[in-house]
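**Student:** okay, here's the prediction I keep looking at, along with the sequence it came from:
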Number of protein chains: 2
Amino acid sequence: MLTTCSENKVSNGWHKQFTHQSSALNCPMRFAVFLPPQASENNPVPALYWLSGLTCSDENFMQKAGAFRTAAELGIALVAPDTSPRGEQVADDESYDLGQGAGFYLNASQPPWASHYHMYDYVTVELPGLLERHLPLSSVKAISGHSMGGHGALTIGLKNPTSYRSISAFSPICNPSNCPWGQKAFQAYLGDDKKLWQSYDACELIKSAQQVLPILIDQGDADDFLQQQLHPEALIAAANATNYDITLRMQPGYDHSYFFIATFIDEHLRFHAKYLKR
Amino acid sequence: MLTTCSENKVSNGWHKQFTHQSSALNCPMRFAVFLPPQASENNPVPALYWLSGLTCSDENFMQKAGAFRTAAELGIALVAPDTSPRGEQVADDESYDLGQGAGFYLNASQPPWASHYHMYDYVTVELPGLLERHLPLSSVKAISGHSMGGHGALTIGLKNPTSYRSISAFSPICNPSNCPWGQKAFQAYLGDDKKLWQSYDACELIKSAQQVLPILIDQGDADDFLQQQLHPEALIAAANATNYDITLRMQPGYDHSYFFIATFIDEHLRFHAKYLKR
């Protein structure tokens, strides 16, 4: 059951926000979809799932990325889930990088997080099922994201290579087991089991990948988080060791903001379109 | 004196926010500029001034309109002032449509507003002077805006036809003397003198225009404010009566939001470029 909570015409398509009761997350959730003008009951369209970064909701990408014009041209739907379970009943932490707004796209195993924090199941199973039943979306999917959401896109794509045609990321957390953001989140959500950590770390997952997907990563070289948190070089090293081909573009002068995303989102959409529409 | 308070590379140019002490407004102000990659000391570029609507700051347009890519392609700077004077010393009202965030781009004559509310002087004289002195902007200008800012763009352009090459607006308040938003603001800022009201009403100004500028207006027909507040039909009637040519495009299904602006901003930029660059 989806309840429409807003709809705005944009680029000859529709931006819509929906609420629903999530079984994976055990709480009410809101998400946003852009439906391009080509989408109809008789013409379900492929979708790009966008996973946002720390502190974001479904709104940041939809309001700031400027993605509608090209998505409308290409006939691709955009899906933006929230970044964590939400609500008064849901465990939280006062810091911005743990708890609500910081779900890290995994299934938590530890109390107090395990009862709601199953963003991995939500994004990979519940949300696509819901959308493909209730909206004119086909099951053809690609996945992208920013920062924590770039980590989400990489890990979810690598773990489910038959569910997604292509992966892209802006400024992703590439090696969460080895950076402060990731270590804090994994310790809290997953506990001490480093084997479990590896199952949500793109640098580990790429080593055991059974199937190769096209991957495009853009990273600004003026990004304040690059040195301490993001480690694209670790992902490239792991990919090289196993002959997994990744395109990493270092973009001179760009930072971690949505201004960076807005600059290159059209190229990401065209990259995904090549695989979504063949 | 301009103080840089943020800068982000975007679309190969720069989005920058500055603060300064405004003499027209008698308080510190912040504004934002997008400098396209073509702008340099030896190559000052033309600028499109964007006037935002009620409750907005310099940030709404810059974050939500998706204007950078085309502005960069065309070599046009974008300038977004705030919508009123700001600060604890500045008179305010608890409603969203009067006081801070609701300057209406006029010079107030009435207490307590007259000591700070001179957005007309700020936008037409102080800000362009400052920008042309300190940034690589030429004196070639166009003006656009949304809602209250559409009223600002129309009235400022009509009153200063030698300062601006072209005017455009999204969902403008076309006849403020005859709608609730305008009447409330004009009564407070300008008092009972209806002659003074007429000097800030596009429907009156167009009757006495000495020089014709190109004007493009986009208006969504699903805009909740259309019937009560905007009255584009009054402006078209006034323009027709004096043979002033205005292009008004009614856009089916679009509302009053930035989703509407993002859809058509590229066409407005290309419209202005025709006149800015000849």
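**Tutor:** Structure's in. What do you need?
**Student:** show me what contacts residue A:212?
**Tutor:** A:161, A:244-245 (Cβ atoms under 8 Å, 6 or more residues apart in numbering or on different chains). In this view, the C-beta of every residue, glycine as well, is placed from N, C-alpha and C.
**Student:** and these, which is closest to chain B?
**Tutor:** Using Cβ to the nearest Cβ, the shortest approach to chain B within those belongs to residue A:245, at 27.1 Å.
**Student:** distance check, the nearest residue to the closest one once chain neighbours are set aside against residue A:239.
**Tutor:** Nearest residue to residue A:245, sequence neighbours excluded (Cβ to Cβ, 6 or more residues apart in numbering or on different chains): residue A:212, at 6.8 Å. Taking Cβ to Cβ, to the nearest Å as the measure, residue A:212 falls 10 Å from residue A:239.
**Student:** shared neighbours of these two, which are they?
**Tutor:** Joint contacts of residue A:212 and residue A:239 (Cβ under 8 Å, 6+ apart) are residue A:245.
**Student:** ok, back up a step: mind checking pLDDT for the residue nearest to residue A:245?
**Tutor:** Looking at residue A:212, its pLDDT stands at 97.
**Student:** in the helix ranked longest in chain A, which residues are buried?
**Tutor:** Longest helix in chain A, counting residues (DSSP state H): helix A:258-276. For helix A:258-276, the neighbour count (16 or more other Cβ atoms under 10 Å in any protein chain shown) marks A:258-266, A:268-269, A:271-273, A:275-276 as buried.
**Student:** likewise stretch A:118-132?
**Tutor:** Quick answer for stretch A:118-132 (16+ other Cβ under 10 Å): A:118-120, A:122-124, A:126-128, A:130-132.
**Student:** just put those residues in CSV and tack on secondary structure.
**Tutor:** Shown next, in CSV, are the buried residues of stretch A:118-132 (DSSP: H, G, I helix; E, B strand; the rest coil):
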residue, secondary structure
A:118, strand
A:119, helix
A:120, helix
A:122, helix
A:123, helix
A:124, helix
A:126, helix
A:127, helix
A:128, helix
A:130, helix
A:131, helix
A:132, helix
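**Student:** tell me the one of those residues nearest chain B?
**Tutor:** Looking across these and measuring by Cβ to the nearest Cβ, the closest to chain B is residue A:131, at 20.3 Å.
**Student:** any idea how far the residue lying closest to the closest one once chain neighbours are set aside is from residue B:66?
**Tutor:** Setting aside the residues directly before and after it, residue A:131 is nearest to residue A:137 in space (Cβ to Cβ, 6+ apart), at 4.9 Å. Per Cβ to Cβ, residue A:137 is found 23 Å from residue B:66.
**Student:** neighbour count for these two, which is higher?
**Tutor:** residue B:66 (26 against 21; other Cβ atoms under 10 Å in any protein chain shown).
**Student:** show residues contacting the longest helix of chain A.
**Tutor:** So helix A:258-276 is contacted by A:46, A:48, A:60-61, A:64-67, A:70-71, A:74, A:76, A:140-142, A:144, A:146, A:165-166, A:168, A:170-171, A:214, A:216, A:218, A:220, A:223, A:251, A:254, B:8-12, B:15, B:63, B:66, B:68-69 (Cβ under 8 Å, 6+ apart).
**Student:** just the CA trace of that helix, in PDB.
**Tutor:** C-alpha atoms of helix A:258-276 as PDB (Å, rounded to 0.1, in the frame of the first residue of the first chain):
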ATOM      1  CA  TYR A 258      25.600  18.400  -4.600                       C
ATOM      2  CA  PHE A 259      27.200  21.000  -6.800                       C
ATOM      3  CA  PHE A 260      29.600  18.200  -7.800                       C
ATOM      4  CA  ILE A 261      26.800  15.700  -8.300                       C
ATOM      5  CA  ALA A 262      24.700  18.200 -10.400                       C
ATOM      6  CA  THR A 263      27.800  18.700 -12.700                       C
ATOM      7  CA  PHE A 264      28.100  15.000 -13.600                       C
ATOM      8  CA  ILE A 265      24.700  13.500 -13.100                       C
ATOM      9  CA  ASP A 266      23.900  13.700 -16.800                       C
ATOM     10  CA  GLU A 267      26.900  11.700 -17.700                       C
ATOM     11  CA  HIS A 268      26.000   9.000 -15.100                       C
ATOM     12  CA  LEU A 269      22.400   8.900 -16.500                       C
ATOM     13  CA  ARG A 270      23.800   8.400 -20.000                       C
ATOM     14  CA  PHE A 271      26.200   5.700 -18.700                       C
ATOM     15  CA  HIS A 272      23.400   3.800 -17.100                       C
ATOM     16  CA  ALA A 273      21.100   4.200 -20.100                       C
ATOM     17  CA  LYS A 274      23.500   2.300 -22.300                       C
ATOM     18  CA  TYR A 275      22.900  -0.800 -20.100                       C
ATOM     19  CA  LEU A 276      19.300  -0.200 -19.000                       C
END
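**Student:** mind listing the strands for the stretch 101-250 of chain A?
**Tutor:** Secondary structure of the stretch 101-250 of chain A (DSSP state E, counting those that start in this stretch): strands at A:137-145, A:167-170, A:215-220, A:246-251.
**Student:** how much space between the residue of chain A most remote from its centre and residue A:276?
**Tutor:** In chain A, residue A:42 marks the outermost C-alpha relative to the chain mean, sitting 27.7 Å out by Cα atoms, centre = their mean. Using Cβ to Cβ, residue A:42 is found at 19 Å from residue A:276.
**Student:** repeat for residue A:53
**Tutor:** From residue A:53 to residue A:276 the distance is 23 Å (Cβ to Cβ).
**Student:** tally of neighbours for residue A:89?
**Tutor:** Residue A:89: 11 neighbours (other Cβ under 10 Å).
**Student:** show the contacting residues for it.
**Tutor:** Per Cβ under 8 Å, 6+ apart, neighbours of residue A:89: A:27, A:116.
**Student:** wait, is it part of a strand?
**Tutor:** No - counting by three-state DSSP, residue A:89 is located in no strand; its state is coil.
**Student:** not counting sequence-adjacent ones, nearest residue to the closest residue to chain B within chain A?
**Tutor:** Nearest residue of chain A to chain B: residue A:66, at 3.0 Å (Cβ to the nearest Cβ). Among residues not flanking residue A:66 along the chain, residue B:66 sits closest, at 3.0 Å (Cβ to Cβ, 6+ apart).
**Student:** could you do residue A:173 as well?
**Tutor:** residue A:151 (4.0 Å).
**Student:** re the thing from before, okay, and the residue nearest to residue A:66 sits in which element?
**Tutor:** Assessed by DSSP states H and E, residue B:66 sits outside every helix and strand.
**Student:** please name the bridge partners of the residue nearest to residue A:131.
**Tutor:** residue A:45 (DSSP bridges).
**Student:** who's in contact with it?
**Tutor:** Neighbours of residue A:137 in contact, by Cβ under 8 Å, 6+ apart: A:33, A:39, A:44-47, A:77, A:79, A:131.
**Student:** from those residues, pick the one nearest residue B:176.
**Tutor:** Closest to residue B:176 out of the contacts of residue A:137 is residue A:33 (37.2 Å), distances taken as Cβ to Cβ.
**Student:** count of neighbours near that closest one?
**Tutor:** With other Cβ under 10 Å as criterion, residue A:33 counts 24.
**Student:** what's it in contact with, if anything?
**Tutor:** So residue A:33 contacts A:15-16, A:18, A:77-80, A:131, A:135, A:137 (Cβ under 8 Å, 6+ apart).
**Student:** for it, give the beta-bridge partners.
**Tutor:** residue A:16, residue A:79.
**Student:** interface residues of chain A facing chain B?
**Tutor:** A:8-12, A:15, A:63-64, A:66, A:68-69, A:220, A:222, A:253-255, A:257-260, A:262-263, A:266 (Cβ under 8 Å from any Cβ of the partner chain).
**Student:** returning to what we had before: can you say which of the strands of the stretch 101-250 of chain A is packed in most?
**Tutor:** strand A:167-170 (a mean of 30; mean count of other Cβ atoms under 10 Å in any protein chain shown).
**Student:** need the contact partners of that strand.
**Tutor:** A:142-147, A:149-151, A:153-154, A:157-158, A:213-219, A:260-261, A:264, A:268, A:271-272.
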